[in-house]
Each structure stands twice: as structure tokens, then as C-alpha cells.
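[1] Quick one, structure for this:
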Amino acid sequence: IIDTGITVENNKMGTEESSTWAREEFGVNLGPRIGLTATEKVNEDLTVRMQLENLFESDNGAMRFNRLWGGESSLAVQSRYGELAFGRVGALTSPFGRWGVYGLEATPFGNGWGRSGGVHHVAGMADRVDNAISYASPDFNGWKMFGQFSFQTGSNPTPGVEQSKWKHNTRRGALALRF
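    Residues are numbered from 1 along each chain as shown. Alright, predicted model coming up:
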């Protein structure tokens, strides 16, 4: 996916004169990325899925988050008992990837449309989480449960590096129920 757009913004505060600017921005609707996905049906009830996404800035080619596979990088097992995934995924509250179950519901703009995408302005919603274990139950008459625990949110001083003491690492746990 390569997504680049032109953003025009007009600001006016109180009695001050308005200011207008236009600029090229990447990821106006979808984050530019290159990725690999694979699905293997092991047997009638067991499927293994992997996804690797490298995010980049389409205007200059720079890698996002200064890391290879900074988008979703996960390995998942699906069966009649649900789906269990391991790796870097979108937080349940984010609009990112298969695991961002709330973010796209919180705003009609999803994670795109530049600054008008309200998800960007709600603290902690638009995160991806590292070293996560994520579970999605099977669908029960329209009800579905999600659980997620991240051993590192990516907000440690050096992304991808565990600190020596548990209390110095930023963790996140979440539960969700969807109908």
C-alpha cells in the first residue's frame, strides 16, 4: 500500500487572522506499508497464520518507528476455540490491523483522513503493542470476547528493549466484548 495525499488546513482562533497551509502527507487514509502474509490450513480445525508489515513514509522512504516490521508482526493459531496470536499487533483500542477492534468504531474516519481522524487525539488509543498475547473467542450468537496482554507497549525508552526490572517496563492488558 502506498498512500500519499495533500492536506489543506485552515486555522482561526478567536479574533486572530486565519492561517492556511497545504502540504504533502503520507498515510492520509492508510499507512504506507509493504508486507507478507501466509496462511496454512494444518487440518480441518487448525489454521496457522503469519503477518509481517513494514511501515514506511511514502514521501522519503524512511522506516516508521525505526524498526523493521514496525506494523503488525504476528503468528496466530486459529481453531474452533478461537484465535491465539503472538507478536506485535494493534492494541484492542486502536484502529490497527486485525486486533484493533474498537478504534474503527470510535470514529467514522478510522485511522485515516489526516488530522480529522479523531482516534489520533484520544490518549492511548492508537497504539501498537509489542510482545503481546492476544485471544479472540469464537462467535457466540453475535457475541465475541477479546483479551490481550502486552509485555511491552513500545513506549519503553528504547523500543523493543526490555528494561532490567519489571516495574520499568510499560505493560498493557485489555478485555473487550463485542456484539
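
[2] chain center to stretch 44-56: distance?
    15 Å (Cα atoms, centre = their mean, to the nearest Å).

[3] Buried residues, it. List them.
    By neighbour count on 16 or more other Cβ atoms under 10 Å, the buried set for stretch 44-56 is Arg49, Met50, Gln51, Leu52, Glu53, Asn54, Leu55, Phe56. (C-beta placed from N, C-alpha, C; glycine too.)

[4] Then stretch 131-148?
    Going by neighbour count (16+ other Cβ under 10 Å), the buried part of stretch 131-148 is Asn131, Ala132, Ile133, Ser134, Tyr135, Ala136, Lys144, Phe146, Gly147, Gln148.

[5] again with stretch 67-87
    Quick answer for stretch 67-87 (16+ other Cβ under 10 Å): 67, 69-74, 76, 78, 82-83, 85, 87.

[6] now do stretch 18-26
    Neighbour-count burial for stretch 18-26, with 16+ other Cβ under 10 Å as criterion, is recorded at Glu25, Phe26.

[7] Let's see it as PDB, backbone CA atoms only.
    Output in PDB follows, covering the C-alpha atoms of stretch 18-26 (Å, rounded to 0.1, in the frame of the first residue of the first chain):
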ATOM      1  CA  SER A  18      -6.800  32.700   9.900                       C
ATOM      2  CA  SER A  19      -3.800  30.800   8.600                       C
ATOM      3  CA  THR A  20      -4.000  28.200   5.800                       C
ATOM      4  CA  TRP A  21      -1.300  25.800   4.700                       C
ATOM      5  CA  ALA A  22      -1.100  22.800   2.300                       C
ATOM      6  CA  ARG A  23       1.400  20.000   2.400                       C
ATOM      7  CA  GLU A  24       2.000  16.500   1.200                       C
ATOM      8  CA  GLU A  25       1.400  13.900   3.900                       C
ATOM      9  CA  PHE A  26       1.800  10.200   3.900                       C
END
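
[8] Show me what the mean pLDDT comes to for it.
    For stretch 18-26, mean pLDDT is 82.
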